[in-house]
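The amino acid sequence is not available; the structure is as follows:
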């Protein structure tokens, strides 16, 4: 269990990015001859038994720094020192853009396959979408939600570069691009700018290995993000129909309902919490149990994948109503999702922090503000 109360899934099988499966990992477990297998990114055991190939480690730093930490080489030193202090071996670089190399992903070229210190997969190729959010620090601690990280990333060429003068300035007048450690898609690396006088963390990536990532396959009920622009009118039954239609089109079996709290029933009350946990279409678990999906402060992974496996490039505004464990007022639920006038609450899909993913966006006029839906198999 991590510091937020979540427990990462413990799958019995894993799937490589090319679709093959193998037995579950025994990293860190005592073997029958008394030897110990090694963790991700470490060497083989002394037993002579075949071991999984080493993976690169990625983490968010436990320390924060203003924008004047001394440039890109100094950032790499921060990462290396943090890794060494935590007992992580290898070469680590900071995930940062600078004026001469504004795409931070280029710093990872030549390496492949990253996992967090807890062993959960982060990234296969540098150009891929993030898998589990990079919110585990070098010590294996979950830093939680609302944690901002310097990146200097520039997603669009016409956007001015923001790198705190190549990480040499702590002036409040200079700015640096930040991402959120609990998020995926572009939100993890490009989610606005902060003054360089602020203290923010760094992302650190090992670059020693070239090993395809293996994805844990968790058996469970499917959950996905509906690609829609629903205006909050027509009732919860209408929203359920959107979810079912998109599930059917993607070839997903079962009954699907929209995760919405209304004025008479909470989202939680609409689902069977004694059943299997919910997983995304890529079979990565959102929480270890169905009840934990509603109870945890943070999901293990954001519900930011459409029924066909598509990952939107940016966070999507998604209808939720208020806290899913309670009912809401008419002004929080577009009049119980029956009226196109009035207000409703929505969330942002790329975040694992449920304070952001659920009910964080107050939409003033429901009929002028179409939004997506979270859909869960019953």
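Here it is on my side, so go on. Fair warning: this is a prediction, and the values are worked out from it, not measured in the lab. Numbering: from 1, shown residues only.

Can you report how many residues lie near the closest residue to residue 232 other than its chain neighbours?
With CB to CB, 6 or more residues apart in numbering as the criterion, residue 232 has its nearest non-adjacent residue at 3.4 Å, and that residue is residue 334. C-betas here are computed from N, CA, C, even on glycine. A count of nearby residues for residue 334, using other CB atoms under 10 Å, gives 32.

Phi, psi for residue 334 please.
Dihedral angles phi and psi of residue 334 (degrees, to the nearest 10) take the values phi 50, psi 50.

mind checking how far it is from residue 317?
For residue 334, the distance to residue 317 equals 13 Å [CB to CB, to the nearest Å].

so how far is stretch 188-207 off the chain centroid?
Chain-centre distance of stretch 188-207: 16 Å, with CA atoms, centre = their mean, to the nearest Å.

mind listing what's buried in it?
188-191, 193-198, 200-207 (16 or more other CB atoms under 10 Å).

same question, stretch 175-187
Buried residues in stretch 175-187, defined by neighbour count with 16+ other CB under 10 Å: 175-187.

quick one: the strands in the stretch 1-150 of the chain?
In the stretch 1-150 of the chain, the strands defined using DSSP state E, counting those that start in this stretch lie at 13-16, 21-23, 56-60, 92-94, 114-115, 121-123, 148-150.

Give me the neighbour count for the closest residue to residue 377 other than its chain neighbours.
In this structure, residue 377 finds its nearest non-sequential neighbour in residue 221, 3.9 Å apart by CB to CB, 6+ apart. Using other CB under 10 Å, residue 221 is surrounded by 20 other residues.

can you check the one 10 residues further on too?
The tally of other residues near residue 231 (other CB under 10 Å) stands at 19.

Please list all residues in contact with it.
For residue 231, the contacting residues are 340, 366, 367, 368, 369, 370, by CB atoms under 8 Å, 6 or more residues apart in numbering.

Nearest to the spatial middle of the protein, which residue is it?
Centroid-nearest residue in the chain, with CA atoms, centre = their mean: residue 133, separated by 3.3 Å.

Could you measure from that one over to residue 291?
Distance of residue 133 to residue 291, computed by CB to CB: 22 Å.

List the contacts of the closest residue to residue 86 other than its chain neighbours.
Once flanking residues are discounted, residue 86 sits nearest to residue 138: 4.0 Å by CB to CB, 6+ apart. By CB under 8 Å, 6+ apart, the residues touching residue 138 are 59, 61, 62, 82, 83, 85, 86, 88, 117, 204.

could you redo the last one with a cut-off of 10 Å?
57-63, 79, 81-88, 92, 117, 204 (CB atoms under 10 Å, 6 or more residues apart in numbering).

filter the residues you listed to the buried ones?
57, 58, 59, 60, 61, 79, 82, 83, 88, 92, 117, 204.

quick one: low-confidence ranges for the chain?
For the chain, residues meeting the criterion pLDDT under 70 lie at 1-48, 155-159, 340-341.

Looking at it, which strand is longest?
With DSSP state E setting the assignment, residue counts place strand 221-230 as the longest strand in the chain.

Okay, buried residues for that one please.
For strand 221-230, a neighbour-count test (16+ other CB under 10 Å) marks 221, 222, 223, 224, 225, 226, 228, 230 as buried.
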